[in-house]
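Student: Sequence and predicted model, in that order:
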Amino acid sequence: MEYDYVIVGAGSAGCVLAARLSEDPGVSVALVEAGGKDDKLEIRMPAGFAKLFKTEYDWDFTTAKQGEMSGRELYWPRGRVLGGSSSLNAQMYVRGCQLDYDQWDIPGWAYDDVLPYFTRAERRVGSNEGGVYGTDGPVYVSELRSPNVTTAAFLQACAELGMTRLGELNGRSNEGYCPTPVTQNRGRRWSSADAYLRPAASRPNLTVLTGAAVDRVTFDGKRATGIEYGGGTRVRARREVVLAAGAIGSPYLLMRSGVGAGDELRDVGVPVVHELPEVGKNLQDHLSSGVFVECTRPVTLTGAESIGNLLRYLVTRSGMLTTNVGEAVAFIRTSDGEPAPDIELIFAPGPFIDHGLTPPSGHGLTVGVVLLQPESRGRVGLNGADVVIDPAYLGAEADVRRLVAGLKTAKRVFATEAMKPFAGGPMAPYWAPETDEELARWVRERGETLYHPVGTCRMGTDDGSVVDPALRVRGVEGLRVVDASVMPTLNRGHTHAPAVMIGEKGADLIKGGEA
């Protein structure tokens with residue numbers, strides 16, 4: 001098998017690349033995905049995502065033991081299906097703010113440079129104050145069809161605490177609160193596979209290979225020539241191999257293929273093709289904690305799985321099963337010295353405990369607390385043929401301090417007049433920690449990923465970066481990385497939106513529409 005372009009990973013960015021590159025009928029494209037089709041009801045039904053965790057649709061990763069997190073090994077779900085993690089996520093479309101992209105300080109990647117790629121992708125349904133969003137792209141960005149009654153109370157609580165109501169979340173500044181914009185189309189999840197891949201699937205010059213877990217990139221000298229999957233099947237690339245396997249998969253494949261830190265590769269018996277020590281380094285993720293309280297009225301998502309709600313969803317695409325769980329957000333600064341929000345509050349009208357894997361004991365409410373710009377840095381490495389994921393959470397004391405401050409604000413939300421009709425006492429496992437020391441212990445004992453790893457194939461202008469500003473892997477030819485792993489630092493938002501943007505811009509770079 002031979003194609004002009006071979007793309008590895010049909011996730012948030014990979015589907016974009018496949019669609020955009022195959023727009024040219026004179027170019028042949030192969031999209032290679034380890035997982036299978038995305039035709040399961042729980043994928044299409046917005047509220048079903050936790051049912052996909054630890055199934056065939058999930059890579060089901062586990063981190064190394066985290067010394068600052070009570071020695072725990074944390075569960076990291078990642079999508080192993082067409083659409084990648086955009087088929088498993090909570091559909092929150094949050095770009096971040098202008099500073100996120102300007103602080104990268106990379107030519108061509110400042111906020112005003114990437115903004116056209118965000119808007120090219122977007123199809124806003126609903127309010128669009130100030131023309132923030134694009135309106136004719138393939139990615140539906142909608143308002144929730146059936147928000148919970150408690151979500152309005154959360155928004156009122158934020159107002160009561162003096163926060164600013166945002167007309168639109170995805171403008172240049174995101175400090176303030178608002179309902180969550182979601183990647184849904186008329187009550188149904190709208191993944192990158194829905195937005196980009198399905199409309200392009202009938203093109204004769206696009207081949208999609210599913211159930212094809214890539215083992216390595218093949219090289220002739222220092223030129224990438226294709227990929228190998230399934231223990232020996234080869235696919236050749238006449239022009240380029242493009243890795244879009246995400247912040248775990250892309251550095252893993254580079255290292256398995258001989259591109260990485262030489263000593264580390266030799267230790268696991270991988271022949272070195274090119275020495276690039278930063279591959280897999282600079283791992284960042286959004287760490288999340290939260291406050292759980294009982295709800296004094298039986299109105300929460302605890303009752304979402306009733307037959308009545310299922311029938312309502314199937315017939316009208318409305319009701320509780322259209323929820324994305326994280327129905328509203330607030331982006332806050334925990335001190336005046338912060339240049340932009342450092343904490344995100346996510347309101348869920350239900351007790352979202354242990355990634356939704358633990359059934360709720362009753363009706364409850366959650367305010368999640370997310371560290372937006374961690375100072376801690378981890379790594380992705382190899383242990384033989386296995387991947388090692390060490391986010392090194394809370395390695396910086398400032399990360400603990402910010403999360404503690406965020407938890408205090410979450411507690412204040414539940415103490416407002418607006419929340420009084422709904423918010424009861426603490427709900428297990430939350431034990432109402434009070435002091436800074438107790439709150440820090442709560443973070444260490446129960447904190448979890450918010451599913452946003454980036455940075456492991458860092459883009460930069462310096463020789464130490466893994467990819468250059470055109471997303472070409474340094475030191476080799478015919479190989480790029482186009483996914484969230486190239487982000488030098490995390491955005492103060494969520495990562496699906498920038499991954500799509502990177503896919504859009506990466507496609508232009510590959511086609512030569514931009515350099």
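Tutor: That came in fine, so what should we check first? This one's a predicted model, so the numbers in the text were calculated from it and none came from an experiment.

Student: Contacts only, for E175.
Tutor: 97, 164, 331-333, 340-341 (C-beta atoms under 8 Å, 6 or more residues apart in numbering). All C-beta spots, glycine's among them, are computed from the backbone N, C-alpha and C.

Student: Just the buried subset of those residues, written out for PyMOL, thanks.
Tutor: Listed next is the PyMOL selection for buried residues among the contacts of E175, using 16 or more other C-beta atoms under 10 Å:
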select buried, resi 97+331+332+333+340+341
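
Student: tally of neighbours for the residue lying closest to A10 once chain neighbours are set aside?
Tutor: Once flanking residues are discounted, A10 sits nearest to E33: 3.8 Å by C-beta to C-beta, 6 or more residues apart in numbering. Close neighbours of E33, defined as other C-beta atoms under 10 Å, add up to 32.

Student: Next: H452.
Tutor: 25.

Student: What strand or helix carries it?
Tutor: For H452, there is no enclosing helix or strand under DSSP states H and E.

Student: from what I can see it touches T489, true?
Tutor: No - taking C-beta atoms under 8 Å as the definition, H452 is not a contact partner of T489, at 11.8 Å.

Student: Buried ones in stretch 182-199, by neighbour count?
Tutor: Under the neighbour-count criterion of 16+ other C-beta under 10 Å, stretch 182-199 has 182-185, 187-198 buried.

Student: What of stretch 140-150?
Tutor: 140-142, 144-148, 150.

Student: taking the mean pLDDT, what do you get for that stretch?
Tutor: The pLDDT scores in stretch 140-150 average 98.

Student: before we move on, back to that, can you tell me which of the buried residues of stretch 182-199 is nearest D483?
Tutor: S192 (11.0 Å; C-beta to C-beta).

Student: Leaving out sequence neighbours, find the closest residue to the closest one.
Tutor: Nearest residue to S192, sequence neighbours excluded (C-beta to C-beta, 6+ apart): C15, at 3.8 Å.

Student: how far does the helix or strand harbouring the one you found sit from the chain's center?
Tutor: For C15, the enclosing helix or strand under DSSP H and E is helix 14-21. Its chain's C-alpha centre and that of helix 14-21 lie 18 Å apart, by C-alpha atoms, centre = their mean, to the nearest Å.

Student: just checking, what packs against that helix?
Tutor: Packing partners of helix 14-21 (3 or more C-beta pairs under 8 Å, 6 or more residues apart in numbering; DSSP states H and E): strand 2-8, strand 29-32, helix 192, helix 198-200, strand 206-209, helix 496-511.

Student: rewinding a little: so what's the residue nearest to A10 up against?
Tutor: 9-10, 14, 81-82, 208-212.

Student: Taking the residues you listed, please make a ChimeraX selection of just the buried ones.
Tutor: Burial among the contacts of E33 is assessed by 16+ other C-beta under 10 Å; the matching ChimeraX selection reads:
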select :9,10,14,81,82,208,209,212
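
Student: now for the contacts of E33, which pair is the farthest apart?
Tutor: G14 and G211 (15.4 Å).

Student: closest to I502 among the contacts of E33?
Tutor: G14 (10.6 Å).

Student: nearest spatial neighbour of that closest one, skipping sequence neighbours?
Tutor: A244 (3.5 Å).

Student: Quick check: phi and psi at that neighbour.
Tutor: Phi and psi for A244, reported as degrees, to the nearest 10, are phi -140, psi 40.

Student: Over to I248?
Tutor: The phi/psi pair for I248 (degrees, to the nearest 10) is phi -100, psi -50.

Student: what sits against it?
Tutor: 59, 61, 76, 78, 380, 387, 389, 453, 456.

Student: change it to 7 Å
Tutor: I248 is in contact with 61, 78, 380, 387, 389, 453, counting by C-beta atoms under 7 Å, 6 or more residues apart in numbering.

Student: The fifth one and G356, how far apart?
Tutor: Separation of I389 from G356 (C-beta to C-beta, to the nearest Å) stands at 21 Å.

Student: all strands of the stretch 301-450 of the chain, in order?
Tutor: 328-332, 343-348, 364-371, 379-383, 386-390, 423-426, 448-449 (DSSP state E, counting those that start in this stretch).

Student: Mind checking which of the buried residues of stretch 140-150 are in helices?
Tutor: Here DSSP state H is the test, and these give T150 as lying in helices.

Student: Now tabulate the buried residues of stretch 140-150 in a markdown table and tack on distance to V270.
Tutor: Putting the buried residues of stretch 140-150 into a markdown table (distance: C-beta to C-beta, whole Å) gives the following:
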| residue | distance to V270 |
| --- | --- |
| Y140 | 42 |
| V141 | 42 |
| S142 | 45 |
| L144 | 47 |
| R145 | 49 |
| S146 | 51 |
| P147 | 50 |
| N148 | 50 |
| T150 | 52 |
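
Student: Okay, helices next: where are they in the stretch 201-350 of the chain?
Tutor: Applying DSSP state H, counting those that start in this stretch to the stretch 201-350 of the chain gives helices spanning 246-256, 262-267, 307-316.

Student: Columns distance to G424 and mean pLDDT on top of those helices, output as JSON lines?
Tutor: What follows is the helices of the stretch 201-350 of the chain, written out as JSON lines (distance: least, C-beta to C-beta, whole Å; pLDDT from 0 to 100):
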{"stretch": "helix 246-256", "distance to G424": "39", "mean pLDDT": "99"}
{"stretch": "helix 262-267", "distance to G424": "51", "mean pLDDT": "97"}
{"stretch": "helix 307-316", "distance to G424": "23", "mean pLDDT": "97"}
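
Student: Out of those helices, indicate the one that is most buried.
Tutor: helix 246-256 (a mean of 26; mean count of other C-beta atoms under 10 Å).

Student: Alpha carbons of that helix, in PDB - could you do that?
Tutor: Below are the C-alpha coordinates for helix 246-256, written out as PDB (Å, rounded to 0.1, in the frame of the first residue of the first chain):
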ATOM      1  CA  GLY A 246      -2.000  12.700  20.600                       C
ATOM      2  CA  ALA A 247       0.200  13.700  23.500                       C
ATOM      3  CA  ILE A 248       0.800  10.000  24.400                       C
ATOM      4  CA  GLY A 249       0.800   8.300  21.100                       C
ATOM      5  CA  SER A 250       2.900  10.700  19.000                       C
ATOM      6  CA  PRO A 251       6.000  10.800  21.300                       C
ATOM      7  CA  TYR A 252       5.600   7.000  21.900                       C
ATOM      8  CA  LEU A 253       5.700   6.300  18.200                       C
ATOM      9  CA  LEU A 254       8.600   8.700  17.700                       C
ATOM     10  CA  MET A 255      10.600   6.900  20.400                       C
ATOM     11  CA  ARG A 256       9.600   3.400  19.100                       C
END
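
Student: residues touching the residue nearest to S192, list them.
Tutor: 83, 192-193, 196-197.

Student: So the residue nearest to A10 versus Y196, what's the distance?
Tutor: Remark: distance between E33 and Y196 (C-beta to C-beta) = 13 Å.

Student: before we move on, what about E445?
Tutor: Computed as C-beta to C-beta, the E445 to Y196 distance reads 40 Å.

Student: Verify the stated contact: P426 with P351.
Tutor: No - between P426 and P351 there is no contact under C-beta atoms under 7 Å: 11.0 Å.

Student: Give me the common contacts of the two.
Tutor: By C-beta under 7 Å, 6+ apart, the residues touching both P426 and P351 are F292.

Student: out of these two, which sits in the busier spot?
Tutor: Comparing P426 with P351 by other C-beta under 10 Å, the one with more neighbours is P351, at 28 against 16.
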